[in-house]
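Chemist: Requesting a structural model of the entry that follows:
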Amino acid sequence: MESRALLHARPAALPARAGLRLPPQLPRPRAVSFSPAAKPALRSPLLASRGPFLPRHDALLGNGFLKQRAVSVGGDVSFRAQAAAAAVPAPQPEESAKKFLGIDVKTLRKIVPLGLMFFCILFNYTILRDTKDVLVVTAKGSSAEIIPFLKTWVNLPMAIGFMLLYTKLSNVLSREALFYTVIFPFIAFFGAFAFVLYPLRNVIHPTALADKLLAALGPSFLGPVAILRIWSFCLFYVMAELWGSVVISVLFWGFANQITTVDEAKEFYPLFGLGANIALIFSGRTVKYFSNLRKTLGPGIDGWEVSLKGMMSIVVLLGLVITSIYWGVNKFVLNDPSLPKSDRKKKKEKPKLGMKESLKVLLSSRYVRDLATLVVAYGISINLVEVTWKSKLKAQFPSPNEYSSFMGDFSTATGIATFTMMLLGRIILRKFGWGVAAMITPTVLLLTGVGFFSLILFGQPLTPMLATMGMTPLLAAVYVGAMQNIFSKSAKYSLFDPCKEMAYIPLDEDMKVKGKAAIDVVCNPLGKSGGALIQQFMILTFGSLANSTPYLGGILLVIVLAWLGAASSLDKQFSSLAKEDLKKDKAAREKVEPSLLKAPAEGSDDVLAEQTNGSVTPQATGTESSPSNSSPIQ
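Modeler: Numbers count the residues shown, from 1 in each chain. Predicted coordinates:
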């Protein structure tokens, strides 16, 4: 009582006792209460006298005591900052890292080589993709009808066989040896094809045997027989397809994911996507240039063979550049201990669902079924239009050089459109929402698909009008089909793919993993091969692709309408689940307001009780604090 009286009567005398040290432990609790009038005079001297013990008490009590004390003595934020600084040692200053254009130079040593590798790989892929279509479509005794059979009966089995072989090799070879073992056969094949296989095509192709088989089986089997007739061209087609799936997806992205950190990936991976479309533009110009070389050659020279040798020489050269960059990164960059290492944790393995389990997952959830419909519908729709368009393209440009020149312009236009749509995609998603963004791709495909098939089926009455524009119905169909492919693919890359991945986010963890696995098992193969299987059935039933065109147009209309319906249904479910997630997050944030952080009302006496274990707990006495005067510390 005497000490309390002294504190009330002589607040100015306390600074003389600034050297007072309180013992860390007392045999019994001791409570000292201060009146509101004494607080301003006592705050600084008392805290100054206890300064050496603040770090130890902070360690015992945590930041809750410091925050509580700061509010209880009048909201002194500066005291809280000083106490926190005293409790946490100041970080040692680090040496400033060298930067170029605001980016750490050490990071650029990894990202710039990766960007060059990706550019070269995509540059080659565009040349190979355009060339493979020219070879199999314009070859004598072949047509666009070969593509559905080629994708189903040659490309798919070889892709499966290659992945099995790759898995075996990955178990016995090092990472670097595996990279070289996979990529060098591609480089060697494309060089050998241009300089050996193609010049010897008349010797190695069994043309007489193919003619006998076609005469025996009938014209409906033109596609399957053509695979045998031009087997070296078909092998080039498959190797070009594998370059996209193996070198890009497996080798490059596998290497990039191994050497980059998560923060680097978030910052630079989107730039790789934009760079891919720049590569598409430049490689399209390259294809155009080499395809037009025929005009400068003399008579009797195979212009397409010259063009092919030029383009494959670039593919081989850039392939060697890719391997050189890979060797240099491993030799000089990854061995630098100062570089940030990848902090990417090993992903959880996806459940390996069989066909039966996948179907059960699809049937159990309407949300997953709608999402699966989107994936299947895109694969079938783009395949139906693309093969029909390429058949008209051959009719308009029968020469390999003319066909290749057009494909060069097509690749350039696709790169420009995709680059533009990627820049607009974020704006569309942010301004109009998921539903509008998800419906743009099927809407574009429907409008351009209707125009394309209408020109094929009902183009004759439009001949006079098209003649005034310098076009025939066939050329108009080629241009409309090209627009359909350009806009649908650019919308797919910039909107359809992001929307598809976003749709998995609101699902619970179990359904998110199982649903994605089920779609990978059932829907991806069905989407890729579904269109080819439909076309094979139509060709064998009606005799040719041209006779099947009206039915293919009707099938496309039904599939795209189902696609739009699934997107609309999924939009409602996605919005509902997203709102539920927002409510849960808001409720979770509101719960993180412990009553311990609420300040007592002004005018109430606060008591510091020092326990026998050395901890200090605030206690309220007198009047209780009212909710209007209490606020949590933030």
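
Chemist: Quick one: the helices in the stretch 251-400 of the chain, in order.
Modeler: For the stretch 251-400 of the chain, the helices defined by DSSP state H, counting those that start in this stretch cover 253-259, 262-291, 303-328, 355-364, 366-396, 400-432.

Chemist: Looking at the third one now, give me its mean pLDDT.
Modeler: Per-residue pLDDT over helix 303-328 has a mean of 95.

Chemist: Which elements pack onto it?
Modeler: When contacts are defined as 3 or more CB pairs under 8 Å, 6 or more residues apart in numbering; DSSP states H and E, helix 303-328 packs onto helix 105-138, helix 175-192, helix 262-291, helix 400-432. The C-beta positions use only the backbone N, C-alpha and C, and glycine is treated the same way.

Chemist: Now tabulate those helices in CSV and tack on distance to residue 371.
Modeler: What follows is these, written out as CSV (distance: least, CB to CB, whole Å):
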stretch, distance to residue 371
helix 105-138, 28
helix 175-192, 33
helix 262-291, 23
helix 400-432, 17
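
Chemist: of these, which approaches residue 551 most closely?
Modeler: helix 105-138 (21.6 Å; CB to CB).

Chemist: Can you check what angle separates that closest one from helix 262-291?
Modeler: With axes from the mean of the first three to the mean of the last three CA atoms, to 10 degrees defining the directions, helix 105-138 sits at 40 degrees from helix 262-291.

Chemist: Give me whichever of the helices of the stretch 251-400 of the chain is most buried.
Modeler: helix 366-396 (a mean of 22; mean count of other CB atoms under 10 Å).

Chemist: Give me the distance between it and the centre of its chain.
Modeler: Distance of helix 366-396 from the chain centroid (CA atoms, centre = their mean, to the nearest Å) equals 21 Å.

Chemist: Next, the angle helix 400-432 makes with it.
Modeler: Using the same axes, to 10 degrees: helix 366-396 against helix 400-432 is 150 degrees.

Chemist: remind me which residues of the stretch 501-634 of the chain are low pLDDT?
Modeler: 520-521, 581, 585, 589-634 (pLDDT under 70).

Chemist: Helices of that one, start to end?
Modeler: So, for the stretch 501-634 of the chain - with DSSP H, counting those that start in this stretch - the helices run 509-518, 524-542, 545-591.

Chemist: wait, what's in contact with residue 457?
Modeler: 549, 550, 553 (CB atoms under 8 Å, 6 or more residues apart in numbering).

Chemist: if we can go back for a sec, nearest to residue 462, out of the helices of the stretch 501-634 of the chain?
Modeler: Smallest distance to residue 462 across these (CB to CB): 16.3 Å, for helix 545-591.

Chemist: Check the helices of the stretch 251-400 of the chain for me: which has the lowest mean pLDDT.
Modeler: helix 355-364 (a mean of 71).

Chemist: re the thing from before, export the helices of the stretch 501-634 of the chain to CSV and tack on distance to residue 125 and mean neighbour count?
Modeler: Shown next, in CSV, are those (distance: least, CB to CB, whole Å; neighbours: other CB atoms under 10 Å):
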stretch, distance to residue 125, mean neighbour count
helix 509-518, 26, 18
helix 524-542, 17, 19
helix 545-591, 26, 16
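
Chemist: for the stretch 51-200 of the chain, which spans come out with low pLDDT?
Modeler: For the stretch 51-200 of the chain (pLDDT under 70), the answer is 51-107.

Chemist: if we can go back for a sec, in TSV: the helices of the stretch 251-400 of the chain, plus distance to residue 195.
Modeler: Listed next are the helices of the stretch 251-400 of the chain as TSV, based on distance: least, CB to CB, whole Å:
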stretch	distance to residue 195
helix 253-259	29
helix 262-291	15
helix 303-328	6
helix 355-364	45
helix 366-396	26
helix 400-432	17
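
Chemist: Quick one, which of the ones you listed gets closest to residue 222.
Modeler: helix 366-396 (11.6 Å).
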